[in-house]
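Trainee: requesting a structural model of the entry that follows:
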Amino acid sequence: MDIDWINAPHSMGTTIIGVTYNGGTVLGADSRTSTGMYVANRASDKITQLTDNVYLCRSGSNMLQTGLIVGGWDKYEGGSIYSVPLGGTILQLPFAIGGSGSSYLYGFIDQAWKEGMNKEEAEALVVKCVSLAIARDGASGGVVRTVVINSEGVTRNFYSGDKLPLWHEELPLRNSLLEEASSEVEPMRA
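Mentor: From the prediction side, this is the model:
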């Protein structure tokens, strides 16, 4: 079976996230756009400006099967996140995740997000979440882009793949069980 990769719909297997913090909002996304098993774009920008202080992250395809996370800041409410999943419901939440990589993040974000985070903690959490999804989800990849929105304005940041956390390095180093067992055994003597 021949697949027409040129005309196939682009399925944005992706990871998107938005979190509120004490003073604003941070949005983040990976950069991989794929068509089936083919990576169509390694550096797409999935965070779009809607107004001066409102941005949105998008996941899904161009066939009206899209999930959105909208984040922004205003002087009345501060930072706000709204999730618009595939069904079209609009939910205001303290944080939201979406895309194919989100299935790897639910337990992690439930444990890691906390009320009253500062800007640095919130952005570090967003980068960590997206990098975790990139490490686990074959449809997510590339770089991590973030947008920080607060009373001072908007700051866009870029984290290249070589600057992302490597998850296996976070595990404590230890010898294998075989090495540990062999170090405790006295050698046989003739």
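Trainee: which parts of the lengthiest helix in the chain are buried?
Mentor: Counting residues, the longest helix found in the chain (DSSP state H) is helix 119-136. Within helix 119-136, the residues that count as buried by 16 or more other CB atoms under 10 Å are 119, 121-135. Every C-beta, even on glycine, is put in place using the N, C-alpha and C of the backbone.
Trainee: tell me the mean pLDDT over stretch 104-123?
Mentor: The average pLDDT within stretch 104-123 is 94.
Trainee: kindly report the same for stretch 75-93.
Mentor: According to the model, stretch 75-93 has a mean pLDDT of 93.
Trainee: show the end-to-end separation of it, please.
Mentor: 18 Å (CA to CA, to the nearest Å).
Trainee: chain center to that stretch: distance?
Mentor: The chain centroid and the centroid of stretch 75-93 are separated by 17 Å under CA atoms, centre = their mean, to the nearest Å.
Trainee: what residues does it touch?
Mentor: Contact partners of stretch 75-93, identified using CB atoms under 8 Å, 6 or more residues apart in numbering, comprise 18-21, 23-25, 60, 65-74, 94-96, 98, 149-151.
Trainee: quick check: buried residues in it?
Mentor: In stretch 75-93, counting by 16+ other CB under 10 Å, buried: Gly78, Gly79, Ser80, Ile81, Tyr82, Ser83, Val84, Pro85.
Trainee: how far away is the spatially most central residue of the chain from Ala124?
Mentor: By CA atoms, centre = their mean, the chain has its centre lying nearest to Val130, at 2.5 Å. Separation of Val130 from Ala124 (CB to CB, to the nearest Å) stands at 11 Å.
Trainee: returning to that earlier point: now do the contacts for the residue nearest to the centre of the chain.
Mentor: So Val130 contacts Thr15, Ile17, Gly28, Ala29, Asp30, Gly101, Ser140, Val144 (CB under 8 Å, 6+ apart).
Trainee: closest to Asp110 out of these?
Mentor: Ile17 (12.9 Å; CB to CB).
Trainee: what sits up against the host helix or strand of that closest one?
Mentor: If you go by DSSP states H and E, Ile17 is part of strand 16-21. Strand 16-21 has contacts (CB under 8 Å, 6+ apart) with 25-29, 46, 57-59, 67, 69-71, 78-81, 83, 94-99, 102, 105, 109, 113, 116-119, 121-122, 125-126, 129-130.
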